[in-house]
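J.: predicted coordinates and the sequence they were generated for:
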Amino acid sequence: PGLWRYVAGGRCQSAARLEGKVVIITGANTGIGKETARDLAQRGARVIIACRDIAKAEAAASEIRAETGNQQVIVKKLDLADTKSIREFAENFLAEEKKLHVLINNAGVMLCPYSKTADGFEMHLGVNHLGHFLLTFLLLECLKQSAPSRIVNVSSLAHHGGRIRFHDLQGEKSYNRGLAYCHSKLANVLFTRELARRLQGTKVTANALHPGSVSSELVRHSFVMSWLWKIFSFFLKSPCEGAQTSIYCAVAEELESVTGQYFSDCQPAYVSPHGRDDETAKKLWSVSCELLGIQWD
Ligand SMILES: NC(=O)c1ccc[n+]([C@@H]2O[C@H](COP(=O)([O-])OP(=O)(O)OC[C@H]3O[C@@H](n4cnc5c(N)ncnc54)[C@H](OP(=O)(O)O)[C@@H]3O)[C@@H](O)[C@H]2O)c1
């Protein structure tokens, strides 16, 4: 039980209720996102499951509705590998909903063979960073009007291995799929940092987190990692355990005005020196805007 508790990690202790609150969770049809959705639905929130695979998302949503008795668990189409889809999602959301209290940027890909999004971005950077960057940009006014509100970016311990390679952002000169994941997770940390700085005084907070090593479908693109994940499954968190820090960042009362931080196991955690580099954070911000053709200042 000692080892099990150690592997399970921290639990969100908050009993906060979320009736009347609107939450978006990207990639919530499976894994950590689905368990985050289940918990927030249990707390009474209106939960928008934003996914590219609608059938898989509907299955998750109906399971959560049946289990929690919360009928306000809704599926919306969102493909983060296509800026057109992101814009359609945001337009549709803003037309149908009045408020947004929590945005959880959870969806992610790992270890993809070299590939590009519809807009020609390297897949990890495109989905994990640029897709969420654009989504947040499009929803920010609504978050501000719903304040106090929160943005939660699911990053990873893997950010420690990342660098922002401005000279080859799309990995066209050299590509390593493990590193590409690390770079994109560092981008999540730097985005959070710069976003929090810009949102000072708005009562919209932005925090990042590492969920732990979690048994999920994330390793699906790598045969070797899929096996390792099976062999060492005893040392992995369950998706429910892995969701605890996301839930903590989304609901904990004591984080109401905490922003720009990075958590793991429901506690502040160590950020790599690269993840604390304000110059890189600023440059990444402006390059991201250029790539997406948006003006965000
Ligand atoms: N598992 C871990 O050990 C671990 C460790 C550190 C950080 N994380 C982070 O935790 C987050 C959740 O990962 P997970 O472990 O729960 O993995 P997962 O089970 O593979 O879930 C990832 C989710 O992202 C969605 N997604 C992927 N590409 C998308 C796209 N283009 N548009 C919209 N949604 C997309 C997937 O949807 P489909 O199923 O439709 O593809 C799925 O719902 C990720 O950001 C990951 O980097 C995980």
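T.: Received it, and whenever you're ready, just let me know what you need.

J.: please tell me I have it right and residue 143 contacts residue 97.
T.: No - using Cβ atoms under 8 Å, residue 143 is not in contact with residue 97, being 11.6 Å away. No exception for glycine: its C-beta is placed from N, CA and C like everyone else's.

J.: looking at the two, which is more packed in?
T.: Per other Cβ atoms under 10 Å, whichever of residue 143 and residue 97 has more neighbours is residue 143, with 25 against 17.

J.: give the contact list for the closest residue to that one other than its chain neighbours.
T.: Among residues not flanking residue 143 along the chain, residue 149 sits closest, at 4.5 Å (Cβ to Cβ, 6 or more residues apart in numbering). Contacts were defined as Cβ atoms under 8 Å, 6 or more residues apart in numbering; by that measure residue 149 touches 100-103, 143, 203-205.

J.: how about residue 149, phi and psi?
T.: The phi/psi pair for residue 149 (degrees, to the nearest 10) reads phi -140, psi 170.

J.: would you turn the contacts of residue 149 into TSV with pLDDT?
T.: Conversion of these to TSV gives the following (pLDDT from 0 to 100):
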residue	pLDDT
100	98
101	98
102	98
103	98
143	98
203	98
204	98
205	98
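
J.: next step: those restricted to strands.
T.: Under the assignment DSSP state E, those contribute 102-103, 204-205 to strands.

J.: quick check: residues of the stretch 1-150 of the chain near the ligand?
T.: 26-27, 29-33, 51-53, 56, 78-81, 106-110, 127 (Cβ under 6 Å from any ligand atom).

J.: in stretch 41-60, what's buried?
T.: Residues 41-52, 57, 60 are the ones in stretch 41-60 that count as buried (16 or more other Cβ atoms under 10 Å).

J.: mean confidence for it?
T.: Averaged over stretch 41-60, pLDDT sits at 98.

J.: from the chain's centre, how far out does that stretch sit?
T.: 15 Å (Cα atoms, centre = their mean, to the nearest Å).

J.: so residue 32 touches residue 212, yeah?
T.: No - if you go by Cβ under 8 Å, residue 32 and residue 212 don't touch, sitting 9.1 Å apart.

J.: and residue 283, what element?
T.: helix 278-292 (DSSP states H and E).

J.: which other helices and strands contact that helix?
T.: For helix 278-292, the elements it packs on are helix 132-145, helix 177-198, judged by 3 or more Cβ pairs under 8 Å, 6 or more residues apart in numbering; DSSP states H and E.

J.: just name the most buried of the ones you listed.
T.: Counting by mean count of other Cβ atoms under 10 Å, helix 177-198 has the highest mean neighbour count of the helices and strands packed on helix 278-292, with a mean of 23.
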